[in-house]
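1. Need coordinates for the following:
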Amino acid sequence: MAQRLALQRLLSLPARGPLASHGRAFGTSAGLRSTFNVQDGSDFQDRVVNSPKPVVVDFHAQWCGPCKILGPRLEKLVAKQEGKVLMAKVDIDDHTDLAIEYEVSAVPTVLAMKNGDVVDKFVGIKDEDQLEAFLKKLIGA
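-> Numbering: from 1, shown residues only. The predicted model follows:
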């Protein structure tokens, strides 16, 4: 409960710095068009919750070592699915509200979402075989 209150207080602080009014915008390479960075709550609602396709949601942080290993591994496997599944990347430091809403208590946390519902989840790093099984279960292959 104390952590939740602390996170909510952080959310109420005004944004500072050169990117404060612009948010983060990242491009994606042609091979990774199925992966995108969530910009805000509205973007998450539009592109994840309301997505007609299944979505893998990667809650991560810049300072997280295991996230730096898992993220590219997961992106590569999602790209191999040729559009059957999308991948949303959510930086918990930028989107604490989403981390609270989806009960993310450690990173990396990966959610499998279908029709706006969380249908599967894992926390921590996984090898490629485990990730492939996770994706196949999500897309029903």
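2. and Met87, helix, strand or coil?
-> strand (DSSP: H, G, I helix; E, B strand; the rest coil).
3. ok, now the one 3 residues further on?
-> Three-state assignment for Val90 (three-state DSSP): strand.
4. pLDDT wise, what is it at?
-> You'll see Val90 listed with a pLDDT of 98.
5. wait, doesn't it sit right on Val55?
-> No: Val90 is not in contact with Val55 according to CB atoms under 8 Å; the separation is 10.9 Å. Just so you know, the C-beta spots here come from the backbone N, C-alpha and C atoms, and that holds for glycine as well.
6. Could you point out the helix or strand that follows the worst-scoring helix or strand of the chain on mean pLDDT?
-> When the helices and strands of the chain are scored by mean pLDDT, DSSP states H and E, helix 2-12 comes last with a mean of 50. For helix 2-12, the succeeding helix or strand toward the C-terminus, using DSSP states H and E, is strand 35-37.
7. what is the mean pLDDT for that following strand?
-> Mean predicted confidence for strand 35-37 is 96.
8. counting contacts, what elements does it pack onto?
-> With contacts taken as 3 or more CB pairs under 8 Å, 6 or more residues apart in numbering; DSSP states H and E, strand 35-37 sits against helix 65-80, strand 86-91.
9. Which strands and helices lie in contact with the first one?
-> In terms of contacts (3+ CB pairs under 8 Å, 6+ apart), helix 65-80 is packed against strand 35-37, strand 55-60, strand 86-91, helix 128-139.
10. Tell me which of these sits most buried.
-> Of all these, strand 55-60 has the most neighbours on average by mean count of other CB atoms under 10 Å, namely a mean of 24.
11. Tell me how far it lies from the chain's centre.
-> Centroid separation for strand 55-60 versus its chain: 2 Å, with CA atoms, centre = their mean, to the nearest Å.
12. send the alpha carbons of it over as CSV?
-> C-alpha atoms of strand 55-60 as CSV (Å, rounded to 0.1, in the frame of the first residue of the first chain):
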residue,chain,number,x,y,z
VAL,A,55,-0.6,-8.2,-27.8
VAL,A,56,2.5,-9.0,-25.8
VAL,A,57,3.1,-6.2,-23.3
ASP,A,58,6.7,-5.8,-22.0
PHE,A,59,6.8,-3.8,-18.8
HIS,A,60,10.5,-2.8,-18.5
